[in-house]
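**Student:** Generate coordinates for the sequence data below:
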Amino acid sequence: MFKTNISIGLALILFTGCFSLEPKLEPLDSKVIPLEWNNPVEAKAQENLTQIKPSWEDFVQNETLKKVVDLAIKNNKDLKIALLNIQSARATYRISKADSFPTLEANGDMKNARAINSSNGTTTSHNYSANITASYEVDLFGKVQSLNESALQSYLSTQFAANTVKVSLIAETINAWLTLATHNEQLKLSTQTVENLQKAYELTQKKFAAGVISQADVLDASASLKEAQINVILYNTMIKQDKNALELLIAQPLNDELLPKEYENCLMIVKAGISSKVLLTRPDIMEAEHNLKAKNANIGAARAAFFPSISLTANTGIASKSLSSLFDGGAQSVWSFSPNITLPIFNGGQNSANLDYTYAQRDIALNQYEKTIQTAFKEVNDSLATRATINEQINKQRELVDAVSKSYDLSLGAYKVGTGSYLNVLISQRTLYSAQQNLISKYQEDLTNRVSLYKTLGGNEKIE
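**Tutor:** Presented below is the predicted three-dimensional model:
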């Protein structure tokens, strides 16, 4: 029995050596991703990767906003689903990897039979056995190895998909909070405008009562006041909707301590003065890359299906006619070794069709991978284009607000002393209100652009 077991072991070792039929992936075409950005930001950033791909804790510099983002990471359902997908992929990989090892089973068997003997009588027989069975598929042509590699790459792809979800969730949460902050500022501006227009309306009523102006000025003042009051109502509605959006992201009620109070300079400026190859570590690109490798591994498994499949089954144990003597000297050793070879001859073209399918799936994954890279490059360039001019836009908008504010003060002063028309006051007021609104929007654009750079460069988040 000992010599037999050695023979079985040697046979397993002999047939274990295998080679893979996976095709080699060609290097990425240099035309897919340009070497430099269109609008690089500060070439010095090459020396400090934390300025290029910061973690969200470094990127967010407002304590209230940090609390909101942390709640989103802990509670958001989309992220939880992504984490569960990782567990599912990990289990699939473990199942596939198990096929690389022999299967061992232990079993006991009892047979009782009554049969007619030669003297036309009956004989009752008993047979007891205990066996250990080992079965193993010899992976000569790499089918099991390729399937295992495909499962591994799919698992890694799922991990990076979860990273993508996390980065997107962080960016979405920050933008939702900034939108709420912006609408709060717009509401303050609209409320202040209503107060100013209320005073102007009361002034026109007094002037009309004194017979100094016509009723048309009173009606114009009333119309402007109503318009501003409508804006206040609209911003109140939008603020409620913004809070609802944030509550969905953090999956809990939005307490007052989580509401934005001041938000200027609450985010760091992400640099991008380095080679565009930094994009190759972006999680969605890594996800597409591992998906491509998984599809390529499937080709190896499909190729291996054209070659013989060799399975080895070994069985060793003991048998006895009496249960009491099964595990003592009265038992006899039994064994069997059953190699099995299956050679595909005709299956209606199933193997050929499956191989063609795996090639097509690999080519689809390759194009998806290249498109993901090109899309990422466009997104970063778009963000950099805004980054290059946003500060100048803000400065010019400030200058516009100052100029229009002085114009409004002059036209209102002239109207009060009776040397100007209310039409000039009305035009100046509307121009000032529009300029102030645009300035608030420019501040928001600056901050959302910082979020965009953080997101498009891939962030620096890991799934724990």
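
**Student:** C-alpha only now, for contacts and for neighbours.
**Tutor:** OK.

**Student:** all helices of the stretch 151-300 of the chain, in order?
**Tutor:** For the stretch 151-300 of the chain, helices defined by DSSP state H, counting those that start in this stretch occupy the ranges 215-250, 283-304.

**Student:** Let me have those helices in TSV, adding mean neighbour count as columns.
**Tutor:** Below are the helices of the stretch 151-300 of the chain laid out as TSV (neighbours: other Cα atoms under 10 Å):
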stretch	mean neighbour count
helix 215-250	17
helix 283-304	25
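
**Student:** Distance to residue 203 added to the ones you listed, as JSON lines?
**Tutor:** Output for the helices of the stretch 151-300 of the chain, formatted as JSON lines (distance: least, Cα to Cα, whole Å):
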{"stretch": "helix 215-250", "distance to residue 203": "9"}
{"stretch": "helix 283-304", "distance to residue 203": "61"}
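
**Student:** Tell me which of the ones you listed sits nearest to residue 125.
**Tutor:** Closest approach to residue 125 among the helices of the stretch 151-300 of the chain (Cα to Cα): helix 283-304, 47.9 Å.

**Student:** quick one: what helix or strand has the nearest residue to residue 162 once chain neighbours are set aside in it?
**Tutor:** Closest residue in space to residue 162, ignoring its immediate chain neighbours: residue 82 at 5.0 Å, by Cα to Cα, 6 or more residues apart in numbering. Residue 82 is part of helix 77-98 when elements are defined by DSSP states H and E.

**Student:** Residue 428 and residue 407: what is the separation?
**Tutor:** Distance, residue 428 to residue 407, using Cα to Cα, to the nearest Å: 6 Å.

**Student:** After the strand or helix carrying residue 388, which helix or strand is next? Please name it.
**Tutor:** Per DSSP H and E: residue 388 is located in helix 350-416. Beyond helix 350-416 in the direction of the C-terminus, DSSP H and E gives the next helix or strand as helix 422-456.

**Student:** and the angle from that following helix to helix 350-416?
**Tutor:** 150 degrees (axes from the mean of the first three to the mean of the last three Cα atoms, to 10 degrees).

**Student:** List the buried residues of helix 422-456.
**Tutor:** 422, 424-426, 428-433, 435-456 (16 or more other Cα atoms under 10 Å).

**Student:** any idea of the angle that helix forms with helix 215-250?
**Tutor:** Using the same axes, to 10 degrees: helix 422-456 against helix 215-250 is 10 degrees.

**Student:** how much space between the residue lying closest to residue 448 once chain neighbours are set aside and residue 449?
**Tutor:** When the adjacent residues along the chain are set aside, residue 448 lies closest to residue 175, with 6.3 Å between them (Cα to Cα, 6+ apart). Distance, residue 175 to residue 449, using Cα to Cα: 10 Å.

**Student:** same thing with residue 344?
**Tutor:** 59 Å.

**Student:** who are the neighbours in contact with the residue nearest to residue 162?
**Tutor:** When contacts are counted by Cα atoms under 8 Å, 6 or more residues apart in numbering, residue 82 touches 158, 161-162, 165.

**Student:** and if you look at residue 460?
**Tutor:** Residue 460 neighbours (Cα under 8 Å, 6+ apart): 53-56.

**Student:** Quick one: mean pLDDT for stretch 54-70?
**Tutor:** Here stretch 54-70 scores 93 as its mean pLDDT.

**Student:** and if you look at stretch 428-442?
**Tutor:** Rounded mean pLDDT across stretch 428-442 is 94.

**Student:** re earlier: buried only: go through the contacts of residue 82 for me.
**Tutor:** 158, 161-162, 165.

**Student:** Relative to residue 77, which of those is nearest.
**Tutor:** Among those, and counting by Cα to Cα, the member closest to residue 77 is residue 165, at 10.8 Å.

**Student:** Apart from its chain neighbours, what residue comes closest to that closest one?
**Tutor:** Closest to residue 165 by Cα to Cα, 6+ apart is residue 79, at 6.2 Å.

**Student:** The one you found: what's it in contact with?
**Tutor:** 73, 162, 165-166, 169.

**Student:** what separates it from residue 162, distance-wise?
**Tutor:** 7 Å.

**Student:** so what sits against both of these two?
**Tutor:** Joint contacts of residue 79 and residue 162 (Cα under 8 Å, 6+ apart) do not exist.

**Student:** which phi and psi does residue 251 have?
**Tutor:** Reported as degrees, to the nearest 10, the phi and psi values for residue 251 are phi 60, psi 40.

**Student:** What of residue 264?
**Tutor:** Dihedral pair for residue 264: phi -70, psi 140, per degrees, to the nearest 10.

**Student:** quick one: pLDDT of it?
**Tutor:** 80.

**Student:** Apart from its neighbours in sequence, what residue is nearest it?
**Tutor:** Using Cα to Cα, 6+ apart, the nearest residue to residue 264 is residue 443, at 7.8 Å.
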